[in-house]
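Trainee: coords please:
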Amino acid sequence: MQDRDLSEYRPSGSSSSRHVPCSHQLCESSTNCKSSKQQCPYTVDYYTENTSSSGLLVEDILHLASAGDHTLNTSVQAPVIIGCGMKQSGGYLDGVAPDGLMGLGPGEISVPTLLAKAGLIRNSFSMCFDEEDSGRIYFGDEGLATQQSTPFVPSDGKYMTYIVGVEACCIGNSCLKETGFSAVVDSGTSFTFLPDEVYERITKEFDRRVNATITSYPGYPWKYCYKSSSHELPKVPYLKLIFPSNNSFVVHNPVFVVYGIQGVSGFCLAVQSVEGDVGTIGQNFMTGYRIVFDRENMKLGWSPSNCQDLADGERMSLSPKETPSNPLPTNEQQSSPGGRAVAPALAGRAPSRPSNAPTRPISSRFCHLNLLPLLVLSHVLVSSFPLNTT
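Mentor: Okay, the predicted model is just below:
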């Protein structure tokens, strides 16, 4: 993997960038425009406390590597719509997602939706995170025929984000009663959050099974932390999520390791509690899996993977089965999603700020590009041409 220097995106420095006018059907803030030709503004308020982004919409080209025929030497140029942030607040001011966010949700303006409607990919994508906190995204990937899966659950009759229903949680071979809950699957949240009652049952059973002395580490957000009697990580019980049709998702290493000068100092069960009945399955639970967001069949799939096997020998058919009759982007063929923005793909939990958290203006010559945090991403891959596959 090659490191690349990253910098702020400048629309004026891109020969392929175009303003998105207020007349565009994906402009949700058109009522705030004085003219239909004015550049479309946007404002996103995230669920993370006091975190928001506002600015202008821009259309530009996303250059992606092709994964067809075992080669990575061809490029796909995909037109996407970008939120060019001029003012940020909350977590952004603390360095969250310094290189931007990529919208991967079910909405009309997200990158997978734009790619699928343009006929570049099947309406599905996969993500994989390895033990080194690196990973890959494959746009168009529907996963393996042998993978396990569970359906996405609508919220108020709409699929505004990726929600799944967990029927029960297990610690080791002990499955606990009354531990079912709904969860948002969010690769951009570094760690996992469980509803209060489920959290209490899970953590108490984990604590009962761990052969280590409980302790605390200042500055760490987790309650159940333990000292290591040696300089290596002791054996800890695995955590398992049970889904409908007896599909199971095993989290082999649900802990965050604390290192000292001489090696492993201790570890923490890397889950936190959250009010309400909806939790979040974060990136730490996804490590070691190929997670498939199958939007054609509205289901989440998973299979074990070290991420490298996806690039070294496995051929994937990523192209759409047929080319859509309405490729994007065009003003007439897009529709605006409704509803409020859901949880952002933030790499890490933004710390709480008082309600009067300041905002930081950014020079109009630059903008904060709302794409994916590239710190956790090494490759972005899509299918190769031709597109007329059957």
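
Trainee: low-confidence stretches in the stretch 1-150 of the chain?
Mentor: Within the stretch 1-150 of the chain, the stretches with pLDDT under 70 are 1-7, 48, 67-73.

Trainee: can you give me the strands for it?
Mentor: Counting by DSSP state E, counting those that start in this stretch, one finds strands in the stretch 1-150 of the chain at the ranges 18-19, 41-45, 52-66, 75-89, 124-129, 135-139, 148-151.

Trainee: dump these into TSV; add mean neighbour count and distance to Glu275 as well.
Mentor: Using the backbone N, CA and C atoms, a C-beta is placed for each residue, glycine as well. Putting the strands of the stretch 1-150 of the chain into TSV (neighbours: other CB atoms under 10 Å; distance: least, CB to CB, whole Å) gives the following:
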stretch	mean neighbour count	distance to Glu275
strand 18-19	16	41
strand 41-45	18	19
strand 52-66	19	21
strand 75-89	20	23
strand 124-129	25	27
strand 135-139	24	30
strand 148-151	18	24
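
Trainee: out of the ones you listed, flag the one nearest Asn284.
Mentor: Asn284 sits nearest to strand 124-129 of all the strands of the stretch 1-150 of the chain, at 8.6 Å, using CB to CB.

Trainee: report how many residues lie close to Gly260.
Mentor: Gly260: 10 surrounding residues under other CB atoms under 10 Å.

Trainee: which ones are touching it?
Mentor: His231 (CB atoms under 8 Å, 6 or more residues apart in numbering).

Trainee: for Ser29, which of the strands of the stretch 1-150 of the chain is the nearest?
Mentor: Once those are compared by CB to CB, strand 41-45 is nearest, at 5.0 Å.

Trainee: let me know the angle separating the closest one from strand 75-89.
Mentor: 70 degrees (axes from the mean of the first three to the mean of the last three CA atoms, to 10 degrees).

Trainee: quick one: strand 41-45 to strand 52-66, angle?
Mentor: Taking the same axes, to 10 degrees, one finds that strand 41-45 is oriented at 100 degrees with respect to strand 52-66.

Trainee: and strand 41-45, what does it pack onto?
Mentor: strand 52-66 (3 or more CB pairs under 8 Å, 6 or more residues apart in numbering; DSSP states H and E).

Trainee: neighbouring strands for the strand it packs on, and are they parallel or not?
Mentor: With DSSP bridges as the test, strand 52-66 is paired with strand 18-19 (antiparallel), strand 41-45 (antiparallel), strand 75-89 (antiparallel), strand 379-382 (parallel).

Trainee: okay, the ones you listed in CSV with distance to Ser229 next?
Mentor: Below are the strands paired with strand 52-66 laid out as CSV (distance: least, CB to CB, whole Å):
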stretch, distance to Ser229
strand 18-19, 61
strand 41-45, 46
strand 75-89, 44
strand 379-382, 40
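
Trainee: how far off centre is stretch 157-168?
Mentor: On the basis of CA atoms, centre = their mean, to the nearest Å, stretch 157-168 sits 15 Å off its chain's mean C-alpha point.

Trainee: kindly report the same for stretch 230-249.
Mentor: That offset, for stretch 230-249, works out to 21 Å (CA atoms, centre = their mean).

Trainee: who touches that stretch?
Mentor: With contacts defined as CB under 8 Å, 6+ apart, stretch 230-249 is touched by 148-151, 164-172, 175, 202, 206, 209-212, 228, 250-255, 257, 260, 262-264, 267, 281, 285, 289, 302.

Trainee: now go through the residues you listed and say which are in helices.
Mentor: 202, 206, 209, 285 (DSSP state H).

Trainee: got a list of what the second one touches?
Mentor: Residues in contact with Phe206 (CB under 8 Å, 6+ apart) are 171, 224, 237, 239, 254, 269.

Trainee: now tabulate those in TSV and tack on distance to Val20 and pLDDT.
Mentor: Formatted as TSV, those follow (distance: CB to CB, whole Å; pLDDT from 0 to 100):
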residue	distance to Val20	pLDDT
Ile171	49	95
Tyr224	47	97
Pro237	50	92
Leu239	44	96
Pro254	42	93
Leu269	45	97
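
Trainee: and the buried ones among the residues you listed, selectable in PyMOL?
Mentor: PyMOL command restricting the contacts of Phe206 to the buried ones, with burial defined by 16 or more other CB atoms under 10 Å:
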select buried, resi 171+224+237+239+254+269
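
Trainee: same list, the contacts of Phe206, but as JSON lines with distance to Val96 please.
Mentor: Shown next, in JSON lines, are these (distance: CB to CB, whole Å):
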{"residue": "Ile171", "distance to Val96": "31"}
{"residue": "Tyr224", "distance to Val96": "25"}
{"residue": "Pro237", "distance to Val96": "31"}
{"residue": "Leu239", "distance to Val96": "26"}
{"residue": "Pro254", "distance to Val96": "23"}
{"residue": "Leu269", "distance to Val96": "23"}
